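Visitor: no sequence on this one, just coordinates:
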């Protein structure tokens with residue numbers, strides 16, 4: 001159905017022929033601006049009106065008109081570029097009759113170029129005195145009336161382009177995320193890690209426990225999965241001799257949407273040959289030290305809490321953490337039936353596919369511990385049942401694994417990697433058995449990975465960390481959709 005235009009939209013469109021009569025394309029062409037507004041403010045913003053007048057500083061800027069006060073012979077408007085905003089004064093005598101007439105066609109949201117000199121008004125406002133106004137692009141729809149931004153959260157995410165125009169905080173977050181990713185890359189590169197790219201399409205479901213998205217390859221007439229992890233291919237790189245390897249890439253999991261989950265998200269997975277869980281602990285601590293220095297702060301307000309990195313991370317086993325909350329010691333030998341009885345006693349939900357104590361231990365952790373882990377904490381030594389790719393501890397019921405938690409949220413997952421092909425095959429078989437018992441997230445057997453392990457993979461430490469949640473924390477955002485430019489959304493009614 002054709003969209004009905006508002007009176008404002010009709011008025012803006014009615015101006016298009018007038019631009020053409022002036023010989024101007026209303027949707028513009030190349031404009032070679034030379035100054036960023038933030039740089040002008042930083043370099044000249046503290047100068048007095050007299051100093052600015054004396055220096056006669058010429059500038060050439062471009063951006064979007066975000067406020068507009070048209071008057072007779074002179075007018076004011078605000079121009080906003082990617083990183084800043086500045087007031088512009090334009091007068092008929094300063095730009096000429098024809099150029100001022102061009103300016104008078106402008107509307108809020110138009111994109112324009114301004115040449116002029118810097119000045120300060122009588123109220124001390126840092127301002128550009130326009131000597132030439134260039135129309136670049138006509139905005140055909142009015143911006144939201146309240147300049148501070150859209151008020152409907154769903155509409156903000158659905159029309160992110162408009163959100164970025166009118167909400168400074170949204171645009172700052174969009175620009176902060178690539179800074180964080182670049183700092184992670186710099187940190188990894190400084191330690192000798194090599195960034196690689198691995199396929200998004202996978203013929204098998206492997207590397208993690210999750211429900212996949214399925215697509216079809218027409219030429220091969222075969223279904224593929226969108227990858228749920230990059231793990232197995234990165235380990236194959238280690239077999240091939242790339243000792244320190246990582247990938248920052250998109251992951252796809254067919255799960256629900258909430259404030260901490262989006263079906264497609266970004267992770268970093270990293271593997272260090274000849275390392276172990278301790279190597280990954282050091283990597284995490286070093287990463288947050290690097291990020292805090294880059295951002296110039298060690299305390300972040302997130303999920304209603306002040307998170308303090310100056311005191312480092314706590315290191316505690318899963319069994320110890322559960323015992324602190326419930327008094328139950330899962331390191332003691334117990335039968336599956338005894339564990340089930342404890343779960344029922346403590347109202348811990350059970351699943352039919354579970355057949356051993358480790359599953360119930362993990363459920364106790366989810367129920368009683370995770371949300372309480374506000375300050376940075378490593379939880380280590382997990383049950384083997386929930387860690388199919390991890391080297392066993394001295395106690396074979398457990399594995400050398402940690403997850404680190406901040407603000408009651410799991411941020412990353414690390415292993416001393418399993419490199420025994422016989423043990424790995426048994427773990428894969430256990431995953432298949434779990435699937436047969438009804439576990440829809442259990443992984444397939446990747447026989448090419450078993451083949452790779454037969455050639456020998458070095459002992460290694462490995463970690464996966466969610467970039468989106470990391471950006472949420474460092475950007476102090478409580479909703480994952482704030483840090484994803486174009487998040488997955490439900491259809492608009």
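Guide: On my side now, so go ahead. Please read these numbers as outputs of a predicted model, since none were measured by experiment.

Visitor: residues in contact with residue 202?
Guide: 224, 225, 226, 227 (CB atoms under 8 Å, 6 or more residues apart in numbering). (Each C-beta comes from the backbone N, C-alpha and C, glycine too.)

Visitor: 10 Å instead, please
Guide: Counting by CB atoms under 10 Å, 6 or more residues apart in numbering, residue 202 touches 212, 224-230, 232-233, 252, 444, 446.

Visitor: Over to residue 114?
Guide: By CB under 10 Å, 6+ apart, the neighbours of residue 114 are 33, 35, 59-63, 65, 77, 79, 86, 88, 90, 95, 103, 128-134.

Visitor: Which members of the contacts of residue 202 are positioned in helices?
Guide: 232, 233 (DSSP state H).

Visitor: any chance of the contacts of residue 202 in CSV, plus pLDDT and neighbour count?
Guide: Compiled in CSV, the contacts of residue 202 are given as follows (pLDDT from 0 to 100; neighbours: other CB atoms under 10 Å):
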residue, pLDDT, neighbour count
212, 92, 22
224, 96, 18
225, 95, 20
226, 96, 18
227, 95, 25
228, 93, 23
229, 93, 22
230, 95, 29
232, 92, 20
233, 95, 23
252, 96, 18
444, 77, 17
446, 86, 22
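
Visitor: what's the closest of the contacts of residue 202 to residue 160?
Guide: residue 252 (20.0 Å; CB to CB).

Visitor: What's opposite the residue nearest to that closest one when sequence neighbours are not counted in the beta bridge?
Guide: Closest residue in space to residue 252, ignoring its immediate chain neighbours: residue 226 at 3.7 Å, by CB to CB, 6 or more residues apart in numbering. For residue 226, the beta-bridge partners are residue 201 (DSSP bridges).

Visitor: Now for residue 226: which residues touch it?
Guide: Residue 226 sits in contact with 200-202, 212-215, 250-254, 263-264, where contact means CB under 10 Å, 6+ apart.

Visitor: Tell me which helix or strand residue 90 sits in.
Guide: strand 85-91 (DSSP states H and E).

Visitor: So which elements touch that strand?
Guide: With contacts taken as 3 or more CB pairs under 10 Å, 6 or more residues apart in numbering; DSSP states H and E, strand 85-91 sits against helix 37-44, strand 58-69, strand 74-80, helix 97-104, strand 111-120, strand 126-137.

Visitor: so which of those gets nearest residue 152?
Guide: Per CB to CB, nearest to residue 152 of those: strand 58-69, 19.9 Å.

Visitor: Sheet partners, orientation included, of the closest one?
Guide: Strand 58-69 is paired, per DSSP bridges, with strand 74-80 (antiparallel), strand 111-120 (antiparallel).

Visitor: I'd like those strands as CSV, with distance to residue 422 and mean pLDDT appended.
Guide: Conversion of the strands paired with strand 58-69 to CSV gives the following (distance: least, CB to CB, whole Å; pLDDT from 0 to 100):
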stretch, distance to residue 422, mean pLDDT
strand 74-80, 62, 97
strand 111-120, 64, 98
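
Visitor: what about residue 282, neighbour count?
Guide: Counted with other CB atoms under 10 Å, the neighbours of residue 282 add up to 14.

Visitor: scratch that, residue 183 is what I was asking about
Guide: 17.

Visitor: Likewise for the one 4 residues further on?
Guide: Neighbouring residues of residue 187 were enumerated by other CB under 10 Å; the total is 18.

Visitor: next one: phi and psi at it?
Guide: Residue 187 adopts backbone torsions of phi -60, psi -50, taken as degrees, to the nearest 10.

Visitor: Under a three-state scheme, what state does residue 422 occupy?
Guide: helix (DSSP: H, G, I helix; E, B strand; the rest coil).

Visitor: where exactly do the strands run in the stretch 151-300 of the chain?
Guide: Counting by DSSP state E, counting those that start in this stretch, one finds strands in the stretch 151-300 of the chain at the ranges 194-195, 201-202, 214-217, 222-226, 244-252, 264-273, 299-302.

Visitor: Partner strands of the last one and their direction?
Guide: Listed by DSSP bridges, the sheet partners of strand 299-302 and their directions read strand 305-308 (antiparallel).

Visitor: residues of the partner strand that come out buried?
Guide: residue 307 (16 or more other CB atoms under 10 Å).

Visitor: for stretch 183-193, same thing?
Guide: 183, 184, 187, 188, 193.

Visitor: for the stretch 351-493 of the chain, which spans come out with low pLDDT?
Guide: 440-441, 493 (pLDDT under 70).

Visitor: try 80
Guide: Along the stretch 351-493 of the chain, segments meeting pLDDT under 80 span 388-389, 431, 434-435, 438-444, 492-493.

Visitor: all helices for it, in order.
Guide: Here the stretch 351-493 of the chain has its helices, by DSSP state H, counting those that start in this stretch, at 357-368, 421-436, 447-454, 467-474.

Visitor: on that earlier part again, out of the strands paired with strand 58-69, nearest to residue 270?
Guide: Once those are compared by CB to CB, strand 74-80 is nearest, at 38.5 Å.

Visitor: between the closest one and strand 126-137, what angle do the directions make?
Guide: 80 degrees (axes from the mean of the first three to the mean of the last three CA atoms, to 10 degrees).

Visitor: for the contacts of residue 226, which one is nearest residue 288?
Guide: Nearest to residue 288 among those, with distances taken as CB to CB, is residue 251, at 21.6 Å.

Visitor: And the pLDDT for the closest one?
Guide: Here, the pLDDT recorded for residue 251 equals 96.

Visitor: Can you tell me the closest non-neighbouring residue to it?
Guide: Nearest one to residue 251, counting by CB to CB, 6+ apart, is residue 267 at 5.2 Å.

Visitor: what residues are up against that neighbour?
Guide: 208, 229-231, 247-251, 412-413, 463-470.

Visitor: partner residues bridging residue 272?
Guide: Going by DSSP bridges, residue 272 forms beta bridges with residue 244, residue 461.

Visitor: so it makes contact with residue 460?
Guide: Yes: counting by CB atoms under 10 Å, residue 272 does reach residue 460; the two are 5.9 Å apart.

Visitor: quick one: common contacting residues for the two?
Guide: 238, 243, 244, 245, 279, 280, 417.

Visitor: Just put those residues in a markdown table and tack on distance to residue 454.
Guide: Below are the shared contacts of residue 272 and residue 460 laid out as a markdown table (distance: CB to CB, whole Å):
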| residue | distance to residue 454 |
| --- | --- |
| 238 | 14 |
| 243 | 19 |
| 244 | 23 |
| 245 | 20 |
| 279 | 24 |
| 280 | 25 |
| 417 | 16 |
